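Q: Requesting a structural model of the entry that follows:
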Amino acid sequence: MTKPIGLDITTPLGHHLSLSVFKPNTSINKSIIISSATGVLQHYYYKFATYFSELGYTVYTFDYSGIGKSNLSISDLKQSTIDLKAWGENDQASVVDYAKSQNPTHKIIIITHSIGGQILAFNKNISQVDAIITVASQSGYWKLWKGFERFRMFAFWYALIPTLTPLFSYFPAKKIKLFENLPKQMVYQWSRWGKHKDYMLREFDFDDLQFKNFNKPLLALSFTKDKFAPKASVDWLAEQFIKAKLDRQHIIPDDLGISNVGHFGFFRSQFKASLWNTTHEWMAKHT
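A: Next up is the predicted model:
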């Protein structure tokens, strides 16, 4: 397994952002940036990153401000004022800028997981990106879910976040065995969006967002039986990229002879010969 190089970069907001860089033995002059799901540590993506570095890509993973190695302590987390807009405008954009500065001639590919695709809306460096793959990146509007999952999303936005966050001065996701703890302004903004059919457009004008500034290939993936990103929610986000060369694929694992993917499975090594391989083929074709 390729051993990543760990480093910190300083963002425009003055935060120290933790990155891991997977360098190939022989470069194909392409870089991949993996933008994580909510509260998921960059380490989760290491096997995926290693696979692509062995194919010649330079791969970057990172933790958003307030998460994992980009957070020093619970005390700092309580004081954090970071929100989702800053995760895109400050964090994700800074990694694009850093990757481009290190390898100016490389094609840049962003692979997003879940919320990583949402915050592309604020990534002011999106025009430097040559291709995007969104993996289960979606709107979080609760009515896009059905059955019990709709109730679960409703409870998350209307009960869990507003009840627990003021008590701890951050969202204590680890205590309720969800994911990593989250900054309070980030979850408050997230819950405001999740209550509204227009999601982030409840709070921001479309013309002020970066969706319209991406006119290159975009592969938007969703999967059956994904409890966190039903097809309709992924459709909504993909449709915001009004100028992209959109390739929208809803994956039915049974049709491919693979096991259930769900929301987190795509980045697991059991899909190396299937989903990872077809991802590589798509990137080779479109970059």
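
Q: Looks to me like residue 109 is in a strand.
A: Yes - secondary structure of residue 109 (DSSP: H, G, I helix; E, B strand; the rest coil): part of a strand.

Q: Local confidence estimate at it?
A: Residue 109 is assigned a pLDDT of 98 by the prediction.

Q: same question, residue 1
A: Reported pLDDT for residue 1: 57.

Q: Show me how far stretch 211-231 is from its chain's centre.
A: Chain-centre distance of stretch 211-231: 11 Å, with CA atoms, centre = their mean, to the nearest Å.

Q: buried stuff in it?
A: Buried residues in stretch 211-231, defined by neighbour count with 16 or more other CB atoms under 10 Å: 211-214, 216-223, 226, 228-230. Placement of C-beta: from N, CA and C, glycine included.

Q: Likewise for stretch 35-48?
A: 35, 36, 37, 38, 39, 40, 41, 42, 44, 45, 46, 48.

Q: Any idea how far apart the tips of that stretch sit?
A: Terminal residues of stretch 35-48 lie 12 Å apart, using CA to CA, to the nearest Å.

Q: Contacts for it, please.
A: Here stretch 35-48 makes contact (CB atoms under 8 Å, 6 or more residues apart in numbering) with 1, 4, 18, 20, 34, 61-64, 67-69, 92, 95, 110-117, 119-120, 136, 173, 178-182, 190, 263-264, 267-269, 276.

Q: Just the buried residues of stretch 35-48: which are in helices?
A: Using DSSP state H, the subset of the buried residues of stretch 35-48 located in helices is 46, 48.

Q: so where do the helices sit in the stretch 101-250 of the chain?
A: Taking DSSP state H, counting those that start in this stretch as the test, the helices found in the stretch 101-250 of the chain are 115-118, 147-155, 161-168, 184-194, 231-239.

Q: Pick the most deeply packed of those helices.
A: Neighbour counts (mean count of other CB atoms under 10 Å) averaged over each of those peak at helix 115-118, with a mean of 26.
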